[in-house]
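Trainee: After the sequence you'll find the predicted model.
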Amino acid sequence: VQLVESGGVAVQGGGSLRLSCTASRTTYKRCMGWFRQPPGKEREVIAQIGSDDRTMYVDSVLGRFTISKDNAKNTLFLQMDNVKPEDAGTYFCAAGVSVGGKCSYVYWGQGTQVTVS
């Protein structure tokens, strides 16, 4: 499965943007997630969605970001509202399989850059 992210732009603090991740094959049976890697820091998962559409968010984005997917279009989204400077970084999408209640990520996109001014 190949994943291609898009939608990363420069945005002002308090603004909104939506990231997309399009998969080369169907992913409706997979768990999927969005990861963020701030400059000089490690990559961390910030939102996940399971094959049952259950979602998970880290505290720093809860209430501001929304993960969703369109199975018909093999596309994962991340709606980002009230963006803060600390949201800047490279955003990656990933797809995996559920193992023991956790998502084991197997496929990764190349990332898209979000800049916050």
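Mentor: On my side now, so go ahead.

Trainee: The most centrally placed residue in the chain pairs with what?
Mentor: Taking Cα atoms, centre = their mean, the centroid of the chain lies closest to W34, which sits 2.3 Å from it. Following DSSP bridges, W34 is listed with bridge partners A47, C93.

Trainee: just checking, it touches T55?
Mentor: No - between W34 and T55 there is no contact under Cβ atoms under 8 Å: 10.7 Å. Backbone N, C-alpha and C define where each C-beta goes, glycine included.

Trainee: Which neighbours do those two have in common?
Mentor: Residues touching both W34 and T55 by Cβ atoms under 8 Å, 6 or more residues apart in numbering: 47-48, 67.

Trainee: gap between the closest residue to S16 other than its chain neighbours and M56?
Mentor: Once flanking residues are discounted, S16 sits nearest to D81: 4.7 Å by Cβ to Cβ, 6 or more residues apart in numbering. Distance, D81 to M56, using Cβ to Cβ, to the nearest Å: 18 Å.

Trainee: next one: I46
Mentor: Taken as Cβ to Cβ, the span from I46 to M56 is 9 Å.

Trainee: who's more crowded, those two?
Mentor: I46 (23 against 15; other Cβ atoms under 10 Å).

Trainee: residue contacts, the more buried one?
Mentor: Contact partners of I46, counting by Cβ under 8 Å, 6+ apart, are 33-36, 57-58, 60-61, 65.

Trainee: Please repeat the previous calculation with a cut-off of 7 Å.
Mentor: 34-36, 57-58, 61, 65 (Cβ atoms under 7 Å, 6 or more residues apart in numbering).
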